[in-house]
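Enquirer: Take this sequence and fold it.
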Amino acid sequence: MRLPITPANTLLRGLRDQLRQHHAGGRLIVAVDALPSTPTVGFADAFAAVIAEDGSDVFRASADGFLIPRGRRRTIEREPAWVDEETFRRVLVDPFRNGAHTSAATGFQLQAWDEQRDQSTEARWVTAGDDAVLLVDGPFLNTPSLRGIWHFSVWLEIADRVLAMRPGRSMDAPHTRVELSYLREEPVQRASALVDITDPQHPVQVFRDSC
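Expert: Residues are numbered from 1 along each chain as shown. Model (predicted):
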């Protein structure tokens, strides 16, 4: 179904075209990454809907669905390490990616953790055809251990958050410290596209030569 023409949808169609320039088909995994203080869910949902306009099967997952239990989670002061990467790969990434290369349908799980209840979710397995897109949103998706997963990734930023991270600003908040730690891993440089969502209704793609 064709979505209305809006500034946001126009930008998202441009991102979809960039993805398709390099990957016309097959099973693709896309990340919508950001700092923890930047919302990603709404943008990722809208991007998934635009990708689906061409008839593609699109599946949505969030990093929040694969978190480490609170009791075992590393303190956020140390490093960006919230995702249970072993589970994330085992029940979602690997079966989604490998299912296209097998004759039998391979199931994958879009969520394994309920953050509100701080407990595992009931396993619900879904399958996909040979041509499908898995879109994952959340912070810390371009850490060195995860960045090789993505066929395409979008970095979201908000102008006020960018200003707050400049030298001379207060860096006492735990989230600020972990955000600085993440930025040192160069997630922005690793992203396929950068988008300023200061005004969610009028997102703007930021090109590297203007950063």
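
Enquirer: after the lowest-mean-pLDDT helix or strand in the chain comes which helix or strand?
Expert: Least confident helix or strand, the chain: helix 159-164 with a mean of 62, by mean pLDDT, DSSP states H and E. Later in the chain than helix 159-164, the nearest helix or strand by DSSP states H and E is helix 174-183.

Enquirer: list the buried ones in that next one?
Expert: For helix 174-183, a neighbour-count test (16 or more other Cβ atoms under 10 Å) marks 176, 178-179, 181-182 as buried. The C-beta positions use only the backbone N, C-alpha and C, and glycine is treated the same way.

Enquirer: how about those, which pair is most distant?
Expert: Thr176 and Tyr182 (10.7 Å; Cβ to Cβ).

Enquirer: Between these two, which contacts overlap?
Expert: By Cβ atoms under 8 Å, 6 or more residues apart in numbering, Thr176 and Tyr182 have no common neighbours.

Enquirer: Kindly list the longest helix within the chain.
Expert: helix 7-22 (DSSP state H).

Enquirer: which strands and helices sit next to that one?
Expert: helix 41-51, strand 152-157, strand 193-196, strand 204-206 (3 or more Cβ pairs under 8 Å, 6 or more residues apart in numbering; DSSP states H and E).

Enquirer: Recalculate using a threshold of 6 Å.
Expert: With contacts defined as 3 or more Cβ pairs under 6 Å, 6 or more residues apart in numbering; DSSP states H and E, the packing partners of helix 7-22 are helix 41-51.

Enquirer: after the helix it packs on, next one along is what?
Expert: Later in the chain than helix 41-51, the nearest helix or strand by DSSP H and E is strand 57-62.

Enquirer: what does the helix or strand just after that following strand contact?
Expert: Using DSSP H and E, the helix or strand that follows strand 57-62 in sequence is helix 85-88. Helix 85-88 is contacted by residues 66, 112 when judged by Cβ atoms under 6 Å, 6 or more residues apart in numbering.

Enquirer: Which positions in helix 85-88 come out as buried?
Expert: 85, 87-88.

Enquirer: Low-confidence ranges, this structure, go.
Expert: 73-81, 100-105, 161-175, 209-211 (pLDDT under 70).

Enquirer: This completes my enquiry, with thanks.
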